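Peer 1: mind looking at a prediction? Sequence and model below.
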Amino acid sequence: MKKKDIKILLVDDEQDILEIVGYNLSQEGYQIVTATNGKEAISRAKKELPQLIIMDVMMPEMDGMEACEAIRKMPELSNVIIAFLTARSEDYSQVAGFDAGADDYITKPIKPKLLVSKVKALLRRLKSDEHASETLNVGGIEINREEYKIIKDGTEIVLPRKEFELFYLLASKPGKVFKREEILDKVWGNEVIVGGRTIDVHIRKLREKIGDDLFKTIKGVGYKLEV
């Protein structure tokens with residue numbers, strides 16, 4: 001997908017942030033649309049169908065967390081990439097952001113060049129998604145990479161994008177022991193800076209949501225994780 005075909009939705013209640021970030025990304029050739037709160041973000045996302053949403057957390061009417069959760073439930077936006085851009089740097093805020101379905105969590109202030117680099121790293125996943133149409137079947141569990149679905153015993157298990165990508169990675173390499181560095185590179189991208197604790201949080205969330213029995217099934221056919 002060419003840059004001119006990529007649409008980015010910027011969501012922030014501070015006009016200067018919209019102008020600065022929008023200017024730097026438009027200079028790269030991307031299409032830019034904006035919204036000033038969570039409710040407007042949902043409406044604009046449904047209308048514009050962006051490939052990437054960059055959203056503040058603290059906003060009037062509806063905050064970014066609520067908007068992210070709502071957007072993740074929309075089938076037409078199931079593959080949109082969502083990144084929070086916020087001054088909230090606390091660990092619990094970042095965990096809450098990923099739990100809400102975010103793909104990345106970027107803290108302000110950030111230099112424009114670094115933000116552009118992060119955006120490019122996030123958008124590289126679009127190319128990967130175009131070729132990731134296969135479905136894995138492991139121990140009676142169906143993992144559909146194209147539709148981001150996990151089906152177990154006829155029931156769909158819904159996971160945030162990052163948790164799905166982590167689980168898909170583990171299930172895609174029988175017998176392979178994954179190191180932290182490889183997981184961070186393949187799931188988060190080598191230009192996205194996250195701590196090793198992020199993997200632990202996502203593994204814990206996976207166990208809670210899909211159950212230890214599913215992990216035992218995965219281990220039973222030789223899947224391992226080095227953390």
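Peer 2: Now that the structure is in, tell me what you want to look at. Numbers count the residues shown, from 1 in each chain.
Peer 1: from here on, contacts and neighbour counts on C-alpha atoms
Peer 2: Fine.
Peer 1: the residue nearest to Gln94 when sequence neighbours are not counted in helix, strand or coil?
Peer 2: Spatial nearest neighbour of Gln94, excluding adjacent residues (C-alpha to C-alpha, 6 or more residues apart in numbering): Tyr105 at 6.4 Å. Under the three-state scheme (DSSP: H, G, I helix; E, B strand; the rest coil), the conformation of Tyr105 reads as strand.
Peer 1: tell me how many other residues crowd Tyr105.
Peer 2: Residues contacting Tyr105 under the criterion other C-alpha atoms under 10 Å number 23.
Peer 1: I'd say it and Ile81 touch.
Peer 2: No: under the criterion of C-alpha atoms under 8 Å, Tyr105 makes no contact with Ile81, lying 11.6 Å away.
Peer 1: which residues in the chain form helices?
Peer 2: In the chain, the helices defined using DSSP state H lie at 15-26, 38-48, 64-72, 91-99, 112-131, 161-172, 180-183, 196-210, 212-220.
Peer 1: closest to Asp56 out of those?
Peer 2: If you check each of these against Asp56 by C-alpha to C-alpha, helix 64-72 wins as the nearest, at 5.8 Å.
Peer 1: in that closest one, what counts as buried?
Peer 2: Of the residues in helix 64-72, those with enough neighbours to count as buried (16 or more other C-alpha atoms under 10 Å) are 64-65, 67-69, 71-72.
Peer 1: stretch 32-43 now?
Peer 2: 32-42.
Peer 1: can you give me the end-to-end span of it?
Peer 2: This stretch, stretch 32-43, spans 15 Å end to end (C-alpha to C-alpha, to the nearest Å).
Peer 1: ditto for stretch 80-93
Peer 2: Start-to-end, stretch 80-93 (C-alpha to C-alpha) is 21 Å.
Peer 1: pull out the buried residues from it.
Peer 2: So for stretch 80-93, counting by 16+ other C-alpha under 10 Å, buried means 80-86, 88.
Peer 1: just the residues you listed now: which is nearest Glu146?
Peer 2: Once C-alpha to C-alpha is applied, the member of the buried residues of stretch 80-93 that ends up nearest Glu146 is Val80, at 12.6 Å.
Peer 1: ok, now how distant is the closest residue to that closest one other than its chain neighbours from Ile82?
Peer 2: Leaving aside its sequence neighbours, Val80 sits nearest to Gln51 (C-alpha to C-alpha, 6+ apart; 5.1 Å). Separation of Gln51 from Ile82 (C-alpha to C-alpha) stands at 9 Å.
Peer 1: and Leu206, what does it touch?
Peer 2: Residues touching Leu206, when contacts are defined by C-alpha atoms under 8 Å, 6 or more residues apart in numbering, comprise 163, 167.
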